[in-house]
Structures are given as C-alpha cells and as structure tokens.
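**Student:** pasting the sequence and the predicted model now:
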Amino acid sequence: MYFTPPEEHEKASQSVLTPRYFMKLVLTLLYSLCLVANAAKPNIVFIFVDDWGRHASAYAKLDGPGTANDVLQTTHFDRVAAEGLLFRNAFVSSPSCTPCRSSLFSGKHFWETGSASILWSNWDASLPSFPMELVGAGYHMGKSYKGWGPGKPYEAPFGGKANDYQQAGGRFGNFSQYVTAKIRKGTETEQAKQALYDEFQGNFAAFLKDRPEGAPFFYYTGPTNTHRKWTKGSGKNLWGIDPDSLKGKLPPFLPDVAAVRQDFADYLGEVMAVDAGIGVIYEHLLEIGELENTILVISGDHGAPGFPYGKTNLYDFGTRVPLAIRIGKNTGITVEPGRVVDRLTSLIDIAPTLLDAAAADIPEAMTGKSLLTVFADESLSQSDDEAVYIGRERHFTSARDGNVPYPQRAIRTKEFLFIMNFIPDRWPAGDPRNLSEGKTPPTDVLENDTGITLADEDAGPTKAWLVEHRADGEWEKYYDRAYGKRPARELYSLTDDPYNLTNLAGKQEMEIIQASLEARLLAELKRTGDPRLTGDGQYYEKPPMAGPNTGR
C-alpha cells in the first residue's frame, strides 16, 4: 500500500501541535517508512518459458557428454546460473500448461487447484495468487506474453488485462516464423532477430515506465518460442545447430533418424532464441542499475512438445525443467554464486519463496515451502526422504471418446520414479483415431493437426514419423512405448535407468520399495485432498472439478 504524501508541513515555528498538524506528521512518517520498507524489498523478474524442458548447456556440464544438451549454447541462462543457483532436479507439478501454471501461481499441487487443474479451465477464486500477493505487499506488477491458462477469466492470477505489457508487440514467441519470413523478403538474419529483441526489451521498458517512484517491481514474462510450431530447418539456419550433431545424443526413446534429429534441432534452436531473450532482460537490468536489486528466476512449464515421453507425460523428460535463480547483491539475501542445488525441488515452492523474499505474508493455503534456507545452505533442507509429487488429468479436451482424462499421479525420489495410472484401459496419449491397417493420415496433417490422432501429444514431425512407421519391425517398439496402453503401476530405478525405459513394478525384488513409494504417494494425495481419493483410499472416476468437458 502507498500513502499519498501530505501537503507541505506547517512551518516549524508553529507553536501549537494541533490535531490536524499531528495527523500530517503521522502521515508523513508512514509514507517515509513505506518508501524505506519498499526500498528494502528486492525486485523480482520471472522468465517462465512455455514447453521448455531441461535443455541448457549448463546442464551438459553437469550430466557429462553424450546428451542433446551438448549441441546448444545457452550463454545467458548459463551466466545467470554461474552468478546464482542452478537447480539440478527441478520438477513441475503437472506437465501441461494450465495445471502447471495454476500450481505455480497458487503454490499448491495441481490437484489442489479445483477447476484450474485442467487445460481450458476456470480459475478458482479461492486460490491464492503470489503475483497478486506481491501487489498487496506494495509491488508494481506486470506481465508480457503467456501468463496463466489457457483458461478463464483472462490471466486471473495477474489481475486480468490491466497488468498486460505488450505495447511493443507479441511476435517474440513466433521467433523462427518471423525471422524466416523476413529473411525471405531480403532482411539480414541478425537484423530480423534484433527486431524481436527490441520488442522483448520494449515490453519490459514499458512496464518499468509505469513503475511508481520508489516501488519494488515484479515482472513476469512468458515467451512461447518452444511451444509448437516452429519452422523446419530453423535450428540450423538461424542458430547453427546441425541435426547430424545429435547423432547418438537423443534420448533412447526417440528414433535416431534424420527427421527426428531435425525436429529436435529446431526445438533446441527455439531454446537458443529464448536464451537470447534472457540476455536482453539481464542487460536491461544492468543498464538501468537494478540488476543487483533484483531476484531473477528462470524456468519452464514442462518438457518438449510433440515428442514421446515429453509434454503430458510423468517421465523425467516431461516433468524435469530448468531452474536458475540469480540473487542480486543488494537484495539482503546471500548466496554462494555458482552453487548447484542437488535437492529435489518442486515448482510449487516458487510462490512461497518469492513471497518470503519480499517479506510478504505467505498464505496458509499454500502447500509449497520457501526455499530461502536452501539459498543460504542446501544442507539445511536436505533429507533422505526428499520427494516431489506430480500428476495429470487431461490435456487436449477431446483426446479420448467422451472427453475423459487419463488420470495419473507419481512420486519422484532421488532413486526412483513411481507412477500410478488410475484407469489403465484408456490410451495415455489419446485414442489412436484414424489409424488402422493400411490407413494413415497424410504427413502434413499429422505434423499440423493435433486432434487427428493421439491428441494428448502435440502434432509435429516426430509424432508424424512414429505414426507412419508404427508397423515397421525396427520402429514398432518405439511407437508402442510412446502410445501403447500402460499398466496400473510403473516403477523405474533412476540409477540404472535414467530414461525410464524398464518398468520394475510387480517384480518380487521390488515389492518393499514399491509398497513404500505407493504408501507415501497415497498419503500425500490424501493429506492434500486429491479429489481422486475417497476416505478409504479408493479411486472414483468423477472428480469434483469444474470446467468445460471435464469428463470422468
């Protein structure tokens, strides 16, 4: 809250302290204290990228050679990590846009967000929203590009359209399409790129221009570059990522063939476009003298779209995301620059962390916990029982007949990933419509129409290639692994099987471990009121979640 400063004080020579003069003195003091308090609050900038999985060159250094991260350079993300904290094991609550963001902004597991727990849903007005809590704590707040949703009402956690800042444009998320089109018309590549960098900076500058004098600010920007679709060949043409450099470096659940390598190279090119945007924000903060007064947070909302095991899947490729946090030297929070945080971290902890850093009240309704102790010393919050909890209901509304979801929940520890598929007789990626022996939709349709088949996975060249080769002896197992029905329980040993390929559920030697993980998962679901559970721990098919076409 800000107080309007009183009129000029009466002259000091006034001999009588009248009630009116006393009140003016009190208001002046309160206004001054408010400015002082706000001056001590750190600014917060949050860059949250649509469909950006754990892909950055900083992770190549942690994971060792031989991964796809070897072939890209995220210079600016890496700089933020080197000057702050790099989280090795950060996970989303749900690998789908709306539920992930509902969880992020409310500080709750996605299943706790009621009608906001599915795509194209309705924000539950009872949920806390950390952006609006920051507004209540005196912050100037605004957003650019994608915030919450898709859902209604528009950008509810940000207070609606009033806090939108896209005066400079909204083309940055269509980076490869825009730049490629400009090049075809004769514009130089770097000149075309610069136009988008100027837009990205311009939106931030417009937000800062509206900042009340002395107020701390919270700026959120949600670029959508890594959300499909992007231009074929743009990874190499715009960013120099040769698809052949990915030979032998793709995750083993992806066919190592030319079409898939090009698709993934183009995806990584969009990651590099995002990284350039990170550099724009960093340099602008430095230029205006606010970098060291600012907490800079960078992350993504789930894994890669249009690839098996990615977006909408509870495997690590779908739920593990980048997370780097830079803490300015003047924020009052001390960190050791360049430290790698190994603890398992859920993005539900971001909301209480930022409120804690802003000295704002953390709503009791938030399930997540502040990470400020982790900033100071990771050992203060480590334990042998570390775990994150993940799940999903549905992504594409009509992916299955009757608009029914594919409900899943999972517990991820340092050593194991355990998944419960509540209704395993359904298709996890959606019904295989329009696919029969001798019948396959045309390639261009498979690449561009998500709803044509397996609709819980975005359309794209990789999905199209797998569908077209589903009956080929060499590749059939890739298709079946990606789109076939799954058992009720899945258990993966991360030490031996980091890509979650060998299901150990039901193995005699894993009985005790599986039982322990299932008990822990059910306990957390019950503790936090998951609507998939009843009082006796049984599942039922019609959760009390409002929203369009919720299904069962």
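**Tutor:** That came in fine, so what should we check first? For clarity, every value in this text was computed on a predicted model and none was experimentally measured.

**Student:** all contacts plus neighbour counts: C-alpha atoms, from now on.
**Tutor:** Fine.

**Student:** let me know the pLDDT of residue 113.
**Tutor:** Residue 113 carries a pLDDT value of 95.

**Student:** neighbours of it, how many?
**Tutor:** Neighbours of residue 113 under the rule other Cα atoms under 10 Å: 24.

**Student:** repeat for residue 511
**Tutor:** Neighbours of residue 511 using other Cα under 10 Å come to 12.

**Student:** residue 522 versus that one, what's the distance?
**Tutor:** Counting by Cα to Cα, to the nearest Å, the gap from residue 511 to residue 522 is 16 Å.

**Student:** can you map out the strands along the stretch 251-400 of the chain?
**Tutor:** 294-300, 320-321, 323-327, 339-346, 388-392 (DSSP state E, counting those that start in this stretch).

**Student:** the shortest one pairs with which strands?
**Tutor:** Neighbouring strands of strand 320-321 in its sheet, by DSSP bridges, are strand 85-91 (antiparallel).

**Student:** got a list of contacts for the strand it pairs with?
**Tutor:** 59, 319-326, 335-347, 375, 388 (Cα atoms under 8 Å, 6 or more residues apart in numbering).

**Student:** buried subset of the residues you listed?
**Tutor:** Neighbour-count burial (16 or more other Cα atoms under 10 Å) is assigned, among those, to 59, 319-326, 335, 337-341, 343-347, 375, 388.

**Student:** could the strands of the stretch 251-400 of the chain go into JSON lines alongside mean pLDDT and distance to residue 152?
**Tutor:** Formatted as JSON lines, the strands of the stretch 251-400 of the chain follow (pLDDT from 0 to 100; distance: least, Cα to Cα, whole Å):
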{"stretch": "strand 294-300", "mean pLDDT": "98", "distance to residue 152": "22"}
{"stretch": "strand 320-321", "mean pLDDT": "98", "distance to residue 152": "26"}
{"stretch": "strand 323-327", "mean pLDDT": "98", "distance to residue 152": "28"}
{"stretch": "strand 339-346", "mean pLDDT": "96", "distance to residue 152": "25"}
{"stretch": "strand 388-392", "mean pLDDT": "97", "distance to residue 152": "19"}
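
**Student:** which one of the ones you listed lies closest to residue 186?
**Tutor:** Closest to residue 186 of these, according to Cα to Cα: strand 294-300, at 33.7 Å.

**Student:** which secondary structure elements does that closest one contact?
**Tutor:** Judged by 3 or more Cα pairs under 8 Å, 6 or more residues apart in numbering; DSSP states H and E, strand 294-300 is in contact with strand 43-49, strand 323-327.

**Student:** so for residue 426, which of the strands of the stretch 251-400 of the chain sits nearest?
**Tutor:** Here strand 388-392 is closest among those (Cα to Cα), at 14.0 Å.

**Student:** and after that closest one, which helix or strand comes next?
**Tutor:** strand 408-412 (DSSP states H and E).

**Student:** which other helices and strands contact that following strand?
**Tutor:** Using 3+ Cα pairs under 8 Å, 6+ apart, strand 408-412 sits against strand 388-392, strand 416-421, helix 511-527.

**Student:** just say which of these is most tucked in.
**Tutor:** Burial of the helices and strands packed on strand 408-412 is given as mean neighbour count (mean count of other Cα atoms under 10 Å); strand 388-392 ranks first at a mean of 25.

**Student:** once you drop chain neighbours, what's closest to residue 489?
**Tutor:** Excluding its sequence neighbours, the residue lying closest to residue 489 (Cα to Cα, 6 or more residues apart in numbering) is residue 420, at 4.9 Å.

**Student:** from residue 500, how far out is residue 308?
**Tutor:** 12 Å.

**Student:** grab the longest helix from this protein for me.
**Tutor:** In the chain, taking DSSP state H as the definition, the longest helix is helix 258-287.

**Student:** quick one: that helix to chain centroid distance?
**Tutor:** Computed by Cα atoms, centre = their mean, to the nearest Å, the chain-centroid distance of helix 258-287 equals 15 Å.

**Student:** show the average pLDDT along it.
**Tutor:** Helix 258-287 comes out at a mean pLDDT of 98.

**Student:** then stretch 441-453?
**Tutor:** Mean per-residue pLDDT for stretch 441-453: 97.

**Student:** okay if I get the helices and strands packed on strand 408-412 as TSV plus distance to residue 369?
**Tutor:** Below are the helices and strands packed on strand 408-412 laid out as TSV (distance: least, Cα to Cα, whole Å):
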stretch	distance to residue 369
strand 388-392	12
strand 416-421	22
helix 511-527	15
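
**Student:** and residue 469, which of these is closest to it?
**Tutor:** Nearest of the helices and strands packed on strand 408-412 to residue 469, taken as Cα to Cα: strand 416-421 at 26.7 Å.

**Student:** give me the sheet partners of the closest one and which way each runs.
**Tutor:** Using DSSP bridges, strand 416-421 pairs in its sheet with strand 408-412 (antiparallel), strand 489-493 (antiparallel).

**Student:** which residues touch the nearest residue to residue 196 once chain neighbours are set aside?
**Tutor:** Sequence neighbours aside, residue 172 is the residue nearest to residue 196 in space, at 5.5 Å (criterion: Cα to Cα, 6+ apart). Residues in contact with residue 172 (Cα under 8 Å, 6+ apart) are 196, 197, 199, 200, 223, 224, 225.

**Student:** how much space separates residue 172 from residue 331?
**Tutor:** With Cα to Cα as the criterion, residue 172 and residue 331 are 30 Å apart.

**Student:** now residue 481
**Tutor:** 48 Å.

**Student:** with neighbour numbers in mind, choose between the two.
**Tutor:** residue 331 (20 against 14).

**Student:** can I assume the more buried one is in contact with residue 292?
**Tutor:** Yes. Between residue 331 and residue 292 there is a contact at 7.0 Å, judged by Cα atoms under 8 Å.

**Student:** report the central residue of this protein.
**Tutor:** Geometric centre of the chain, nearest residue: residue 301, 1.9 Å, by Cα atoms, centre = their mean.

**Student:** got a pLDDT number for the nearest residue to residue 338 once chain neighbours are set aside?
**Tutor:** Using Cα to Cα, 6+ apart and skipping the chain neighbours, the partner closest in space to residue 338 is residue 82 (4.1 Å). pLDDT, residue 82: 98.
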